[in-house]
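Build the 3D model from these lines:
(2 chains)
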Protein chains: 2
Amino acid sequence: MDQSALDASSQETISASSDTGVTLYVCVTCRAGEEGDAAPRAGRRLHDALTENRRHQDGAPDFRIVETECLSNCNRGCNVALTGPGRWSYIYGDLTQASVDDLLTGAAKYAATDDGLVPWRERPTIFRKGVIARIPPSTTPV
Amino acid sequence: MDQSALDASSQETISASSDTGVTLYVCVTCRAGEEGDAAPRAGRRLHDALTENRRHQDGAPDFRIVETECLSNCNRGCNVALTGPGRWSYIYGDLTQASVDDLLTGAAKYAATDDGLVPWRERPTIFRKGVIARIPPSTTPV
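Have a look, this model is predicted:
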């Protein structure tokens, strides 16, 4: 785990109209096992590929792509997290730039749900095999 | 991953006064590698030990303990998740009934923060070593 990132706050890189409140967080500090100080890092390259790819898609995006630091799953980077109000949140790992199309498709399916539970058969393979963990939605204080 | 739990909703087992909205979710379906159909399961035993232990604590609880099904991290069960409004969410694994006191202490420290980021040195060892992943707080739709 990257302790130096414990106090780091996420930074929003795309300001898009969105009614869903769904966010695809991308860890941009991940080296994904690459040695040395190669820049940009693997996580940054994944983030930039996602935003660049989406720029060429038609229609208004229904989720935001936001960069963040360290999702505490460094052994299986690159990592992303999908979260949104009232939804189960998911962490996915083992991602590369080859995952970009499936990530955008999977995030759109997630954003189209009310609870974050995309039917198993509709999930991209990277979501089926790369799930690290999931967290239930926040409950309402009583 | 327990596919049968994909559509399962979490169930609240304690209704406690709480201003924080913080929830400690406990996966009660986890077998934690135990063979056979032993009942109650390891996750259920952990959940029940947590609630029983807290019952003997003084003061109003500042977080809720809620049972849930499958946090999709079956290789490192038992698992819990800590989440709350405006906070980073955390998944922890490798937990047993011996973790109960530290879990309650760690969850209280988490509930006392605004952002979910407990200083590293104040975290119980089970939180330092057992972290599976974390997810940034939901952002506000723009």
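
Could you use CA atoms for every contact and neighbour count after this?
OK.

At the geometric centre of chain A, which residue do we find?
A:Val80 (3.1 Å; C-alpha atoms, centre = their mean).

hey, where'd the helices end up in chain A?
For chain A, the helices defined by DSSP state H occupy A:42-55, A:100-111, A:125-129.

Run through the strands of chain A in chain order.
A:11-12, A:23-27, A:64-68, A:80-83, A:89-92, A:131-135 (DSSP state E).

Determine which of those approaches chain B most closely.
strand A:131-135 (4.7 Å; C-alpha to the nearest C-alpha).

Show residues contacting stretch A:110-118.
A:20, A:22, A:62-63, A:83-84, A:86-89, A:109, B:6-7 (C-alpha atoms under 8 Å, 6 or more residues apart in numbering or on different chains).

Would you mark the buried spots in that stretch?
If you call a residue buried by 16 or more other C-alpha atoms under 10 Å in any protein chain shown, then stretch A:110-118 has these buried ones: A:Tyr110, A:Ala111, A:Ala112, A:Asp115, A:Gly116, A:Leu117, A:Val118.

Turn those into JSON lines, including distance to A:Glu34 and pLDDT.
Output for the buried residues of stretch A:110-118, formatted as JSON lines (distance: C-alpha to C-alpha, whole Å; pLDDT from 0 to 100):
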{"residue": "A:Tyr110", "distance to A:Glu34": "30", "pLDDT": "96"}
{"residue": "A:Ala111", "distance to A:Glu34": "32", "pLDDT": "95"}
{"residue": "A:Ala112", "distance to A:Glu34": "35", "pLDDT": "94"}
{"residue": "A:Asp115", "distance to A:Glu34": "36", "pLDDT": "95"}
{"residue": "A:Gly116", "distance to A:Glu34": "32", "pLDDT": "96"}
{"residue": "A:Leu117", "distance to A:Glu34": "33", "pLDDT": "96"}
{"residue": "A:Val118", "distance to A:Glu34": "32", "pLDDT": "96"}
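
ok, A:Gly86 - how many residues close by?
By other C-alpha atoms under 10 Å in any protein chain shown, 16 other residues sit near A:Gly86.

Got phi/psi on it?
For A:Gly86, the backbone dihedrals (degrees, to the nearest 10) come out as phi 80, psi 0.

I'd like the distance between it and chain B.
Separation of A:Gly86 from chain B (C-alpha to the nearest C-alpha, to the nearest Å) stands at 10 Å.

if you skip the residues just before and after it, what's nearest to that residue?
A:Pro137 (5.2 Å; C-alpha to C-alpha, 6 or more residues apart in numbering or on different chains).

still on that earlier bit, could you export the strands of chain A as CSV, including distance to chain B and mean pLDDT?
Formatted as CSV, the strands of chain A follow (distance: least, C-alpha to the nearest C-alpha, whole Å; pLDDT from 0 to 100):
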stretch, distance to chain B, mean pLDDT
strand A:11-12, 9, 40
strand A:23-27, 7, 96
strand A:64-68, 8, 95
strand A:80-83, 6, 96
strand A:89-92, 7, 97
strand A:131-135, 5, 96
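
Among those strands, which comes closest to B:Gly130?
Evaluated with C-alpha to C-alpha, these place strand A:131-135 nearest to B:Gly130, the distance being 13.0 Å.

which other helices and strands contact the closest one?
The helices and strands touching strand A:131-135, judged by 3 or more C-alpha pairs under 8 Å, 6 or more residues apart in numbering or on different chains; DSSP states H and E, are strand A:89-92, strand B:89-92, strand B:131-135.

Can you lay out the ones you listed as CSV showing distance to B:Arg54?
Shown next, in CSV, are the helices and strands packed on strand A:131-135 (distance: least, C-alpha to C-alpha, whole Å):
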stretch, distance to B:Arg54
strand A:89-92, 27
strand B:89-92, 19
strand B:131-135, 22
